[in-house]
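Engineer: This is a predicted model, with the sequence first.
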Amino acid sequence: MNKVFKNADDAIKDIQDGAVIMIGGFGLCGIPENCLTALVKKRTKNLTCVSNNAGVDDFGIGLLLKGRQVKKMVASYVGENAEFERQLLNGELEVELIPQGTLATRCMAAGYGMPAIFTPAGVGTEVAKGKESRVFNGKEYLLEYAIDAGFAFVKAWKGDKLGNLIYKETARNFNPLMAMGGKITIAEVEELVEPGELDPNQVHTPGIYVHRIFQGSHYEKRIEQRTVRPKKS
Amino acid sequence: MAIDKYQIAQRIAKELKDGYYVNLGIGIPTLVANYIPGGINVTLQSENGLLGMGPFPEEGREDPDLINAGKQTITTLPGSAFFDSALSFGMIRAGKVDLTVLGAMEVSERGDIANWKIPGKMVKGMGGAMDLVASAKNIIVAMMHTNPKGESKLLPECSLPLTGIKCVKKIVSDLAVIEIFNNRFKLLERAPGVSVEEIKSKTAGTLMVEGDIPEMQF
């Protein structure tokens, strides 16, 4: 079976209007830039995006928002995007906010074959409304369901043609979890190698979770908050 | 006189102990890293997936793949580790992180905290705050004692939507160090030159004052 696709356009060509897509990354770090750009070009509409953040106005998921391609955003923090705010206030966009750890773990649960998790995050707050809860050892926990979706986009540093993935530094973030939740997980990598070239000890996402893989290109890797200290003289 | 945000951070740093794993929130809490006492070893956790966070990189050494939870470029220290966001919140949920420092808009006398949403304003989301406050063993809030309108942020009940309940252990403000004790605010220390009366008048919740209240030491 061949998992290798030519490029992003090729890998996402069967995504239809109304699709639900899980997207890796934290802020602009480790986002699947190529897949997002291809989706913008394809003009697929009425999307539901599950991602920790929603990009910025002119990068990442922000580009999908600009093209009015997103119907619903599922995220933990969406603060850096003026177009997002405009669409939300005009009722053009639906938003579901989920605590960050709950979001990560719900996606992970799908890949672990567990239908739900219990977490204390949100107990006593509006997040708990309408949710089942249970007390374990005197502490209350909310029942939260696993999140899966038709597609997942993830970005890795290196991958092999069988879909095994290695992430770099904090660009790992949500990527392995989104990979686990996708029925069809599409991985873009900075470096695509032959099977055997990755050290199996170092693999973060085993290829069983990855259905399509391609060599990405033109990574911009935009920095959201550039913070530095003076050079030592 | 009320202390500034740097002194708040400096005072909180005195709560750090050797071997602590610490999560610092965005804003004043981040500044705590600048005042870690000499001779002790503290490991900073960044909830996007890093233990062993170091200072900002030297100019020209920024790495877009290496950021903290505030999306700032950072560095790692020797002995650091990367992991995914589920594991990151796993260690938080499991109580492995010794101390969490975060900002707040309001704290109630039973230790409830509100810091994510203001009705009528654009809601940006809770990020990891709800996960952190629901699980952290020890939470210190770093904040101003009053809001920009001069109203107390230490209340009998929070008026804003809650982030978590019964979770705050201590507050270090520009005026005082206060502990949550038996559903009351218990005054532990005063900012240099600030009177107990002033702290009382700016604390809307019940303030317990027992004996002489010492001034903060830095």
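Structural biologist: Looks like it arrived, so ask away. No experiment lies behind these values; they were computed from the predicted model shown.
Engineer: Okay, and the beta partners of the closest residue to B:Glu15 other than its chain neighbours?
Structural biologist: Nearest residue to B:Glu15, sequence neighbours excluded (Cβ to Cβ, 6 or more residues apart in numbering or on different chains): B:Ile140, at 6.3 Å. Glycine gets a C-beta too; all of them are placed from N, C-alpha and C. Bridge pairing for B:Ile140 (DSSP bridges) gives the partners B:Val101, B:Lys170.
Engineer: Strands along the chain, start to end?
Structural biologist: All of this refers to chain A. Under the criterion DSSP state E, chain A carries strands at the ranges A:20-23, A:47-50, A:70-75, A:94-97, A:116-119, A:133-136, A:139-145, A:149-160, A:165-166, A:182-193, A:212-215.
Engineer: Switch to chain B, please.
Structural biologist: Going by DSSP E, chain B shows strands at B:21-24, B:43-46, B:50-54, B:75-82, B:99-102, B:106-108, B:113-114, B:139-142, B:154-155, B:170-172, B:176-181, B:184-190, B:207-208.
Engineer: okay, and the helix or strand of chain B with the least pLDDT?
Structural biologist: helix B:28-31 (a mean of 94; mean pLDDT, DSSP states H and E).
Engineer: residues near the residue in chain B that chain A sits nearest to, how many?
Structural biologist: Of all residues in chain B, B:Phe89 sits closest to chain A, at 2.8 Å by Cβ to the nearest Cβ. Neighbour count for B:Phe89, taken as other Cβ atoms under 10 Å in any protein chain shown: 26.
Engineer: pLDDT score for residue 8?
Structural biologist: I'll assume chain A. A:Ala8 is assigned 98 on the pLDDT scale.
Engineer: I was after chain B.
Structural biologist: 98.
Engineer: and the residue of chain B most remote from its centre, what does it touch?
Structural biologist: For chain B, the residue at maximal distance from the C-alpha centroid (Cα atoms, centre = their mean) is B:Gly60, at 30.8 Å. Counting by Cβ atoms under 8 Å, 6 or more residues apart in numbering or on different chains, B:Gly60 touches A:228, A:231.
Engineer: Which residue ranges of chain A form helices?
Structural biologist: A:8-11, A:33-42, A:61-66, A:82-89, A:100-112, A:175-181 (DSSP state H).
Engineer: Please spell out which residues along the first one are buried.
Structural biologist: In this case it means helix A:8-11. A:8-9, A:11 (16 or more other Cβ atoms under 10 Å in any protein chain shown).
Engineer: between the residues you listed, which is closest to B:Leu77?
Structural biologist: Relative to B:Leu77, the closest of the buried residues of helix A:8-11 is A:Ala8; by Cβ to Cβ it sits at 36.1 Å.
Engineer: Distance of that closest one relative to A:Ile213?
Structural biologist: 11 Å (Cβ to Cβ, to the nearest Å).
Engineer: about what we covered before: list the contacts of the residue nearest to B:Glu15.
Structural biologist: With Cβ under 8 Å, 6+ apart, B:Ile140 has these contacts: B:12, B:15, B:99-102, B:168-172.
Engineer: Can you lay out the residues you listed as JSON lines showing pLDDT?
Structural biologist: Formatted as JSON lines, the contacts of B:Ile140 follow (pLDDT from 0 to 100):
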{"residue": "B:Ile12", "pLDDT": "98"}
{"residue": "B:Glu15", "pLDDT": "97"}
{"residue": "B:Leu99", "pLDDT": "97"}
{"residue": "B:Thr100", "pLDDT": "97"}
{"residue": "B:Val101", "pLDDT": "97"}
{"residue": "B:Leu102", "pLDDT": "96"}
{"residue": "B:Val168", "pLDDT": "98"}
{"residue": "B:Lys169", "pLDDT": "97"}
{"residue": "B:Lys170", "pLDDT": "98"}
{"residue": "B:Ile171", "pLDDT": "98"}
{"residue": "B:Val172", "pLDDT": "98"}
